[in-house]
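**Student:** what shape does this take:
(chains A, B, C and D, ligands or ions: 2)
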There are 2 protein chains.
Amino acid sequence: MEINCAEDQIVEKIELLPENQLKGLRLPTIRRFPKYLRILWELSSMGRDVVSSEKIANELNIDSITVRKDLAFTGIIGKPKIGYSISLLINGIERLIKPNNQTNIFLIGAGNLGAALLGYKGFEKHGYNIIAAFDSDPYKIGTTIHNKPVLSIDKITEIVEIPGDNIGVLCVPGNVAQQTAEILVKSGIRAIWNFTNVELKVPGHVTVLSEDLSSSLAVLSVNMKKNAYK
Amino acid sequence: MEINCAEDQIVEKIELLPENQLKGLRLPTIRRFPKYLRILWELSSMGRDVVSSEKIANELNIDSITVRKDLAFTGIIGKPKIGYSISLLINGIERLIKPNNQTNIFLIGAGNLGAALLGYKGFEKHGYNIIAAFDSDPYKIGTTIHNKPVLSIDKITEIVEIPGDNIGVLCVPGNVAQQTAEILVKSGIRAIWNFTNVELKVPGHVTVLSEDLSSSLAVLSVNMKKNAYK
DNA sequence: AACAAATTGATAATTATTTATCGATATATA
DNA sequence: TATATATCGATAAATAATTATCAATTTGTT
Ligand SMILES: NC(=O)c1ccc[n+]([C@@H]2O[C@H](COP(=O)([O-])OP(=O)(O)OC[C@H]3O[C@@H](n4cnc5c(N)ncnc54)[C@H](O)[C@@H]3O)[C@@H](O)[C@H]2O)c1
Ligand SMILES: NC(=O)c1ccc[n+]([C@@H]2O[C@H](COP(=O)([O-])OP(=O)(O)OC[C@H]3O[C@@H](n4cnc5c(N)ncnc54)[C@H](O)[C@@H]3O)[C@@H](O)[C@H]2O)c1
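**Tutor:** Ligands and ions are numbered 1, 2, ... in the order given. Predicted coordinates:
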């Protein structure tokens, strides 16, 4: 089975950002960047050249000062009375948040959620190479889902060994989450995007980002209760 | 087709929390509550009676002072040298973040992601009634997914009219997200859990909570870059 | 050329959130 | 009973994030 991975691609020189350009970047700012990008892409496709912080802020229901502060991290400077160059902003933001072109995604657990994520357009759109899924179910191994091969979990160590930054997307049942994470770490993965509700213990050099839907449910519930008093 | 909705259930008296118990509750605290619950449920199932803030903090890699401050919102007081009663904490947290027992979930767009979410155990576990899905695809209408009926989107107004707090989970393609949101609002929905990458415009009385995976991808990418300098 | 309007970017103020300090208290143990 | 220790909860300090203020700049208009 052919696996389309970063190794097969023309590898451009990875341009490392000066460390201090990244250092000041805070979580809320990083999380807003893709939202800015979406607006900028849209405006760009409509043929617009410039945009003001106020316009972006209105689209996102945030403050324009926040937008200007965030955009300052790109190094792009706007013109008074005019705004910012859309194309320069797109480049500037992508420079900060795009993965390098050797960043590979491996999805572990091709079940309900995993299968949906294999069809998630965001991976490619944001510059990630989604390579393959791994599962332990013999009925799934050897099939493809959304054109991505489903491989035996036993093969993971050799597959993940392709060069580059490797991200594991963890979609296995909670009761095997920790042990699966440990396999990932042993395979040399540098980051885990964790969709299980398990708090993973991993070594310090591995980044874990957990997507916890129950947190969101709690926010929904509390907001509705607060609203009941209005 | 039978639809199991809140109307059919024994409706307990809804116990409204005193407004000021909710007012001070901040977003980070609300988001941590389900994590505490998970630990408490686990400890409880192991037969433990009490737990210290330090223990909880260690499990979640956060500071124990944060845990104590959060727990103070429940009104439960711990004992020095002993810790907190696990069962009291569970009650106290659930009192704050559980939806009332007439909170219904309707899922719009039974595609890849929608189908996965229909199988998400978290809804029931956290006290929501997941009622049905709606779709525009005639091949899906009339089927069931994870035992939930898929109904015609045209039926939404009459179905959503069942009493209670209604939450719409939006899993339609981005290009119809805004118009679908407007249908939801017209149907009397009070909150939208938005999985599309569209910034929805809704009236003030409607709560929107957006799950933006591209924000997470950006965080992963930046964290990996920062790590490269270590 | 003078003036008005829009918009940036720097600095300051405010608010939110996390982390530190420490006295008080419940329990176990010597 | 006295002492040591774990732990809470209150208060204070530090850090992070948002929001306000305003001078400077660019452009359009009279
Ligand atoms: N379904 C959802 O919408 C949803 C939402 C949020 C979070 N989650 C979480 O995502 C995870 C997966 O949920 P799901 O609904 O897709 O479950 P699922 O049972 O449909 O899928 C789990 C998949 O993992 C595979 N698997 C089991 N053990 C494995 C192992 N040791 N190695 C490799 N693969 C293994 C199974 O064969 C299956 O294909 C769970 O932890 C769940 O809590 C699911
Ligand atoms: N697939 C993922 O993992 C993923 C992850 C994050 C976000 N999302 C977002 O979730 C949304 C759905 O993604 P998907 O992958 O499930 O797409 P999908 O195409 O598989 O599903 C969309 C569903 O919506 C239905 N639909 C279309 N128009 C409708 C209308 N007007 N009213 C009711 N139903 C309608 C379609 O029939 C289909 O069943 C998209 O906005 C996507 O960006 C998807």
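**Student:** near DNA strand C, which residues of chain A show up?
**Tutor:** Proximity of chain A to DNA strand C is confined to A:52-54, A:64-65, A:68, A:71-72, A:77-84 under the rule CB under 7 Å from any atom of the strand. Where you see a C-beta, it was placed from the backbone N, CA and C, and this is true even at glycine.
**Student:** let's see that with 10 Å instead.
**Tutor:** When proximity is defined by CB under 10 Å from any atom of the strand, chain A lies next to DNA strand C at A:28, A:50-57, A:64-65, A:67-69, A:71-72, A:74-84.
**Student:** filter the residues you listed down to the buried ones, PyMOL style.
**Tutor:** One line in PyMOL is enough to select the buried ones among these; burial here means 16 or more other CB atoms under 10 Å in any protein chain shown:
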select buried, chain A and resi 50+51+52+53+55+56+57+67+68+71+74+76+78+83+84
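**Student:** would you confirm that A:K201 contacts A:Q178?
**Tutor:** Yes. Taking CB atoms under 8 Å as the definition, A:K201 is a contact partner of A:Q178 at 6.8 Å.
**Student:** surely A:T74 and A:S85 touch.
**Tutor:** No. Using CB under 8 Å as the test, A:T74 is too far from A:S85 to be in contact (10.9 Å).
**Student:** quick one, strands of chain A?
**Tutor:** Remark: strands assigned in chain A by DSSP state E are A:50-51, A:84-85, A:103-108, A:129-135, A:144-145, A:148-152, A:165-170, A:191-194, A:207-210.
**Student:** want to throw those into a markdown table with mean pLDDT?
**Tutor:** As requested, the strands of chain A are exported to a markdown table (pLDDT from 0 to 100):
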| stretch | mean pLDDT |
| --- | --- |
| strand A:50-51 | 98 |
| strand A:84-85 | 98 |
| strand A:103-108 | 95 |
| strand A:129-135 | 95 |
| strand A:144-145 | 98 |
| strand A:148-152 | 97 |
| strand A:165-170 | 95 |
| strand A:191-194 | 96 |
| strand A:207-210 | 94 |
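**Student:** turn those strands into JSON lines, columns for distance to B:T103.
**Tutor:** Formatted as JSON lines, the strands of chain A follow (distance: least, CB to CB, whole Å):
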{"stretch": "strand A:50-51", "distance to B:T103": "40"}
{"stretch": "strand A:84-85", "distance to B:T103": "43"}
{"stretch": "strand A:103-108", "distance to B:T103": "32"}
{"stretch": "strand A:129-135", "distance to B:T103": "34"}
{"stretch": "strand A:144-145", "distance to B:T103": "33"}
{"stretch": "strand A:148-152", "distance to B:T103": "36"}
{"stretch": "strand A:165-170", "distance to B:T103": "29"}
{"stretch": "strand A:191-194", "distance to B:T103": "27"}
{"stretch": "strand A:207-210", "distance to B:T103": "25"}
